[in-house]
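Okay, predicted coordinates and the sequence, questions at the end:
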Amino acid sequence: MEFDKLNNEKFIYSHSSDELIKILHDFPGQFKKAEKIIRNVPLKFEREYKNILILGVGNPATTAYRLMESVSSNKIRVPISISSSNDLPTWVSSETLVIAISHSGNTREVLGAISEVSDRGISIYAITTGGILKERFSDNKLVTIIEYSEKLLPRMSIGYAYVFLTGILASANLLSVKGFQKDEPPGEAWEDIEKELLVFTKELMPEIKINDNVAKKLAINLYNNIPVVYGCNKITTVISYRFKTEICATSKMFAHFNRIPEISHDEIEGWEMDKELRRKFIILFIKDKNLSNSMLKRIEILKGIFLEKDIKYEEVFISGENELVIAFKGLFLAIWTSLYLAILYDVNPVSIDLVDIIKNRLGEK
């Protein structure tokens, strides 16, 4: 059978997947590595900030931003926004804490935005592995570069981005997080995540057969269907976003995401489409332990509608002792699932050919 290949770990490792699998095995260690780096960055803040602006496009910036505003224990004390273009919001001022995120250091929009911010005399913290960003701004006194060096796919550097972002905001007294004490990184929080992800890795790795591997089973159910991923609260919506981006980038398959109850006001009507089109889709409900009774009722109503419309659906439950653990376990599951889906589709899970075409035509490579 075509799915038997997922029970053959030798085939999986030989399928252009070894690079991504190595990154996944190393991923739980990102948090402590990032913490060690941020400890040695001189973070000095001489004013109180009224708002926060993150400069970034795609992953990891968007995922880090979504996590930052979604984890309730962060208790961010001022408004936080993200900008993905050179056009800065009109409210940006010296009272804005500006943080740029570009794994490669070559993101056109981020480079342009950093130039615009520094031209206004506003300080910036830039998270990167180097690239043009380091070359262009290392001597700029307004730009503090937080550099890490690790060979990663940009979308896989979310651990670094989130820890650095947390460290900057905590040092600026703009958030609090479990395990964080003044002038010290939130080490307890990172230990929880690392421990949970190491355990989760043992359940998802190629050596674990289909019957005992939730990522493999999920990939089989998604195969030859167009996934539509629905989150049910802030955290599961971040996970849904990551499922969408990983399926697109890793599995080379189109996917969509949204949040309940947002879909109940307009998107739900789209499922009145022709029944032959409906059969091409599968719905994923991403759930966790923090769903309210009213949300559970909404999900049951939606499941009833999808049954009536002959639309496939599946529920994915993410467990964890707190929101941050749930979030990163969900992101981790999305990546492993997309890897196995790429193998079923016989595509290279690390190539980004269309992304590279766009960058080449923009003159970014």
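Received the coordinates, thanks. Numbering: from 1, shown residues only.

Let's see the helix or strand hosting Phe243 as CSV, backbone CA atoms only.
Secondary structure from DSSP states H and E places Phe243 in helix 234-251. C-alpha atoms of helix 234-251 as CSV (Å, rounded to 0.1, in the frame of the first residue of the first chain):
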residue,chain,number,x,y,z
LYS,A,234,-5.7,32.2,20.7
ILE,A,235,-3.2,29.4,21.3
THR,A,236,-4.8,26.8,19.0
THR,A,237,-5.1,29.6,16.3
VAL,A,238,-1.3,30.1,16.4
ILE,A,239,-1.0,26.3,16.0
SER,A,240,-3.5,26.4,13.1
TYR,A,241,-1.5,29.2,11.4
ARG,A,242,1.7,27.1,11.8
PHE,A,243,-0.1,24.0,10.3
LYS,A,244,-1.1,26.1,7.3
THR,A,245,2.4,27.5,6.7
GLU,A,246,4.2,24.1,7.3
ILE,A,247,1.8,22.2,4.9
CYS,A,248,2.4,24.9,2.2
ALA,A,249,6.2,25.1,2.7
THR,A,250,7.1,21.5,3.5
SER,A,251,4.4,19.4,1.9
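
helices or strands up against that helix?
If you count contacts as 3 or more Cβ pairs under 8 Å, 6 or more residues apart in numbering; DSSP states H and E, helix 234-251 packs onto helix 61-70, strand 226-231, strand 256-259, strand 281-287, helix 323-345. The way it works is simple: take the backbone N, C-alpha and C, and place the C-beta from them, glycine included.

Out of these, which is closest to Asn293?
Of all the helices and strands packed on helix 234-251, it is strand 281-287 that lies closest to Asn293, at 13.2 Å by Cβ to Cβ.

Remind me what the closest one packs against, helices and strands.
Using 3+ Cβ pairs under 8 Å, 6+ apart, the elements in contact with strand 281-287 are helix 214-222, strand 226-231, helix 234-251, helix 293-308, strand 312-317.

Pull up the pairing partners for it, direction included.
strand 226-231 (parallel), strand 312-317 (parallel) (DSSP bridges).

Out of those strands, which gets nearest to Gly363?
Of the strands paired with strand 281-287, nearest to Gly363 by Cβ to Cβ is strand 226-231, at 33.3 Å.

Run the angle between the closest one and helix 234-251 for me.
160 degrees (axes from the mean of the first three to the mean of the last three Cα atoms, to 10 degrees).

hang on, the earlier thing: packed most tightly, which of the helices and strands packed on strand 281-287 would that be?
For the helices and strands packed on strand 281-287, ranked by mean neighbour count under the definition mean count of other Cβ atoms under 10 Å, the leader is helix 234-251 at a mean of 25.

Please report the distance of the nearest residue to Val316 once chain neighbours are set aside from Leu333.
In this structure, Val316 finds its nearest non-sequential neighbour in Ile286, 5.3 Å apart by Cβ to Cβ, 6 or more residues apart in numbering. To Leu333, Ile286 is 9 Å away according to Cβ to Cβ, to the nearest Å.

Between the two, which is the more surrounded one?
Shown here are Ile286 and Leu333; by other Cβ atoms under 10 Å, Ile286 has more neighbours (29 against 23).

quick one: Asn224 from Leu111, how far?
Counting by Cβ to Cβ, the gap from Asn224 to Leu111 is 40 Å.

go on, Val325?
Taking Cβ to Cβ, one finds Val325 at 34 Å from Leu111.

The strand or helix carrying Lys134: what's the following helix or strand?
Assigned by DSSP H and E, Lys134 belongs to helix 131-137. Reading on from helix 131-137 to the C-terminus, the next helix or strand found by DSSP H and E is strand 143-147.

other SSEs contacting that following strand?
Packed against strand 143-147, as judged by 3+ Cβ pairs under 8 Å, 6+ apart, are the following elements: helix 30-39, strand 124-128, helix 131-137.

a markdown table please, covering these and showing mean neighbour count.
Putting the helices and strands packed on strand 143-147 into a markdown table (neighbours: other Cβ atoms under 10 Å) gives the following:
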| stretch | mean neighbour count |
| --- | --- |
| helix 30-39 | 20 |
| strand 124-128 | 25 |
| helix 131-137 | 17 |
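
Counting neighbours, go ahead and name the busier of Asn224 and Leu111.
Neighbour count, other Cβ under 10 Å: between Asn224 and Leu111, Leu111 has more, with 22 against 12.

what's next to stretch 56-75, contact-wise?
Applying Cβ atoms under 8 Å, 6 or more residues apart in numbering, the external contacts of stretch 56-75 come out as 54-55, 76, 80, 82, 84, 100-103, 107, 109-110, 154-158, 160-162, 165-166, 169, 175-178, 234-235, 237-238, 241-242, 245, 322-324, 327, 331.

now, which of those residues lie within strands?
Among those, the ones falling in strands (DSSP state E) are 54-55, 80, 82, 100-102.
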